[in-house]
Each structure stands twice: as structure tokens, then as C-alpha cells.
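**Q** Curious how this folds, go ahead:
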Amino acid sequence: MLFSLFLFVPSMISLLHTLSRAYSGLSREVWWLSLGTLINRVGTLVIIFMALYLEKELHFSVQQIGVVMAMFGTGSFVGVLLSGYLIDRFGFFPVIVLSLIISSIMLLIASFITSYFLLCLVTFFISFSGDAFRPAANTGIAQLATPGTYTRSVALYRLAINLGFSIGPVAGGMVALFNYKLIFYADSLTCFLAAIIILIAVKPSKIERANNISIKQSFTGGPYSDKIFLWFSLFNIIYAMSFFQMITTISLYYNHVHHLSSRTIGLLFGLNGFLVVLIEMILISKIDGKRHPYYFIVVGCVLLLLNYLALIFSVNIYWLVAGVMLISFSEMFAMPFMMKAMMQRCNDSNRGQYTAMYSLCWSIAQVLCPLMVTNLIHAYNFNAVWVLFIILMAISAGGYYWLGKREKNMTVS
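**A** Okay, the predicted model is just below:
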């Protein structure tokens, strides 16, 4: 026992030292923005449980569900484009606050609607306002991060997203057992609280002082004339489509094929967030700067491919858990370094446009994914979906590898 204690104490000291290094030096404003994001993400329940809500409560067909879910992506598409313009014109701060307040109002309205066409319209506006937040927050992290801490600041921001994502779905799954409409109220409340916290704590007067991040600028034009970034965006869309399947229509697979309850589905989603929260900051602090960003993006693509391979052979919940673990490590490797690669291409005058274009990739994927997946399910089965995404992820991995070969000299200080 004494020998075990001697082994345990140095291990704990080493762990605490690693944690201290991972979180040290981050700006106060980044912490507050991440806290607001955490509160907002705790309430991100509607998009996760919307497909089940439409099927169980409103009795929509699979095709109707696909259209409604695609409206999240359509609204996001328009929202991020407008957001990029507004960010470069007025700054990220007002865009963040207004997007959260408008989202709060639209979510309350959605809880009272049962008409298919009206719900499509309101879903569009929920995503339009909500996803204007993403490029604004990405720009905020870049402007508020202190020199040498950008990638870890992104990791902290993602930690907030995933901590909220680990808490929200578990709570939402239990809430949905009683009343699906409660998920709209919870989502609305957290949007409003996040807006208040960011409005109070992230002082506009401190933004200029904090805007001292040092990023190597390898391209001074806009994103639409940056050929490398356009290729990067194409592969981002492919990755995002494959990732969004795991947070949009995958609940139908869990329920129809494996007969899981909303509570168990929530726990699976929560496991994803829990793993990212537990591991990502430490992982990033260990690997950042050790390899080119595209190397880690390719690793993330391969892990997501393996997730879909596991789903083909899934016979019980243990396979599903293995899939969640694979997708969790996929996003830990890929997403922070996608942000890093994107920020290398922009400067202070066009950062809003680049972050909007980056977010736009996810919006396009959010439109295409549910439409394509629900029609494939209707025409064939879930395995057809998994095979398609295995092929797409192989293409995406090859594309990022090719870009990495061309961009070996890109570095971020």
C-alpha cells in the first residue's frame, strides 16, 4: 500500500502540473466569453431532440423531418454570411449579444407552433439568429486571446461548448420523457442568460486592449479569392456533413434500430461532451506545435471514418459507445486545428469574412446532411448512410493531406 502511495503522489503532481500549464496565461475575457458559451450550450437541446419531437409529438413523416432539420442549416447559412459582414463593420461583441437575445425569443415562439410550414419558417429564424453567434465568437476568441495562447484559447472555448453539450443532452433526455416542449423553454432561458453574462462581463472598452494576438498572415485578400482556403472549405464541408450526422438524425438510428430511450440517447450525447471536456485541453497543450495542423486534422478524419465502420457492425450499445469515443477523439484532433489553419489565412481587416466562411461550411453541411441522410434511410437503410460517410471521410482525409503538403510552412505564434 505504501509503495502504491509513492507511485500515486508523483502521478497526481504531474497531472496537476499538466493542468496548470494547459490553463495558464489565458485572458480574462476569453474565460468570460467561454463561460457565456457554456451556459448557452447547456441549453442546446432543440437541435438534438427536434427529430424525435417532430416524430413522436407532431407525427411528421421522415421526409418532413428531413426538411425541418435542413432548415437549421439554411438559416445557419444566411446567419453566418450576415454575421461576417456585421462583424467586420461593427465588431463581434454586438453580434454575439443580439444573436443570443433574438434566439431566445424565437425558441419561445417555436414551442407554440405545430404547423409544418410555420415550424420550417421558425426553425430557419432560430438557426439564423443562433448561428450568427459562431463566427462572432470565433472572431472574439482570436481578438481576445493573448500572444501564444490562441490554440489553447480555442480549446477552452471548445471545452465550454462540450461541457455544455455533456450536461445539456443528459438533462434534456430526462426532460423529454415528461414534455418535449420543455426543451424549447430551457434553450430559450440559457440563450438569455448567456447574453446577460457576456454583456456584463466582456466589456467593449477592453476589447481593443485585449486585441493583441499574433497570427502569421499568409494571405491578405478575402476568403473568396483565396484558392487554398476554398479547397480547405470544401473538405470542411465534407467533414462537417459526416460530423453533423452524429448530432442530428443519429437519434433516429439509436431509437429505431437499437430501441434506445430518449434518456439513454441523451447519455450517449453526454458521453461525447464529457470525453472532450476531460481530455481536449490536456491533449492540445501536449501536441500543439509538435506537428503541422493538417496532420492532426487528417487524424481526426480517420477516426471519424472508423466511427462509421463501427456502426456498420454495431450489434449492441457497446459498439455505439465505441463510436461515440471515436467521434469524440476525432473532433478533439480535427476541430481546434481547423480553426488554427483558418486563422493563419486572415488578418484584422478580413477576419470576420474568414470566420463567417468557416462557419458557412458547417451551415452548408447542416443543410445537406439531414436531407441526404433521411432520403437514403427512406430508400435503403442506415448502413447505406454509413458506407457513404466512410467514402466521404476517405476523400476528406486525402484532401487535407494534400493541403498539408502545400502548406508545410504555415505557423501560428
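**Q** In terms of pLDDT, where does residue 53 sit?
**A** pLDDT, residue 53: 80.
**Q** Which neighbouring elements make contact with the strand or helix carrying residue 70?
**A** Using DSSP states H and E, residue 70 sits within helix 62-90. Helix 62-90 sits against helix 46-56, helix 92-110, helix 116-131, helix 133-144, helix 351-379, with contacts defined as 3 or more Cβ pairs under 8 Å, 6 or more residues apart in numbering; DSSP states H and E. All C-beta spots, glycine's among them, are computed from the backbone N, C-alpha and C.
**Q** ok, and which of those has the densest surroundings?
**A** Among the helices and strands packed on helix 62-90, helix 133-144 has the highest mean neighbour count (mean count of other Cβ atoms under 10 Å), at a mean of 27.
**Q** Show me which positions of whichever helix or strand comes after that one end up buried.
**A** Remark: after helix 133-144, the chain's next helix or strand is helix 150-178, criterion DSSP H and E. For helix 150-178, burial by neighbour count (16 or more other Cβ atoms under 10 Å) applies to 150-173, 175-176.
**Q** just stretch 386-404 next, same as before
**A** Neighbour counts over stretch 386-404 (16+ other Cβ under 10 Å) mark 386, 388-390, 392-393, 396-397, 399-400, 403-404 as buried.
**Q** thinking again about what came up before, in TSV: the helices and strands packed on helix 62-90, plus distance to residue 291.
**A** Formatted as TSV, these follow (distance: least, Cβ to Cβ, whole Å):
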stretch	distance to residue 291
helix 46-56	33
helix 92-110	30
helix 116-131	31
helix 133-144	22
helix 351-379	21
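**Q** what about these, which gets the closest to residue 31?
**A** Residue 31 lies closest to helix 133-144 among the helices and strands packed on helix 62-90, at 9.4 Å (Cβ to Cβ).
**Q** which other residues reach the closest one?
**A** 27, 29-30, 33, 37, 40, 80, 83-84, 87, 92-93, 95-96, 99-100, 103, 150, 153-154, 157, 202, 207, 210-211, 213, 215, 339, 343, 351-352, 355-356, 358-359, 362 (Cβ atoms under 8 Å, 6 or more residues apart in numbering).
**Q** ditto for stretch 59-78
**A** Residues beyond stretch 59-78 that count as contacts (Cβ under 8 Å, 6+ apart) turn out to be 47, 50-51, 54-55, 116, 119-121, 123-131, 248-249, 252, 359-360, 362-371, 373-375, 377-378.
**Q** Which SSE is immediately downstream of the lowest-mean-pLDDT helix or strand in the chain?
**A** Sorting the helices and strands of the chain by mean pLDDT, DSSP states H and E puts helix 2-23 at the bottom, at a mean of 46. Next helix or strand after helix 2-23 toward the C-terminus (DSSP H and E): helix 28-42.
**Q** what angle separates that following helix from helix 92-110?
**A** Relative orientation of helix 28-42 versus helix 92-110 (axes from the mean of the first three to the mean of the last three Cα atoms, to 10 degrees): 10 degrees.
**Q** Who are the packing partners of helix 28-42?
**A** helix 92-110, helix 133-144, helix 150-178, helix 182-201, helix 204-210.
**Q** could these be laid out in TSV, adding mean pLDDT?
**A** Shown next, in TSV, are the helices and strands packed on helix 28-42 (pLDDT from 0 to 100):
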stretch	mean pLDDT
helix 92-110	90
helix 133-144	85
helix 150-178	76
helix 182-201	88
helix 204-210	49
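**Q** can you redo the ones you listed as JSON lines with distance to residue 311?
**A** Supplementary listing: these in JSON lines, determined by distance: least, Cβ to Cβ, whole Å:
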{"stretch": "helix 92-110", "distance to residue 311": "31"}
{"stretch": "helix 133-144", "distance to residue 311": "27"}
{"stretch": "helix 150-178", "distance to residue 311": "19"}
{"stretch": "helix 182-201", "distance to residue 311": "26"}
{"stretch": "helix 204-210", "distance to residue 311": "43"}
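**Q** For residue 262, which of those is the nearest?
**A** helix 150-178 (4.5 Å).
**Q** Who are the packing partners of that closest one?
**A** helix 2-23, helix 28-42, helix 46-56, helix 133-144, helix 182-201, helix 262-287, helix 317-343.
**Q** on contacts alone, who are the packing partners of the longest one?
**A** Judged by 3+ Cβ pairs under 8 Å, 6+ apart, helix 317-343 is in contact with helix 150-178, helix 227-244, helix 262-287, helix 293-312, helix 351-379.
**Q** what comes up buried for the second one?
**A** So that's helix 227-244. By neighbour count on 16+ other Cβ under 10 Å, the buried set for helix 227-244 is 229, 232-233, 235-244.
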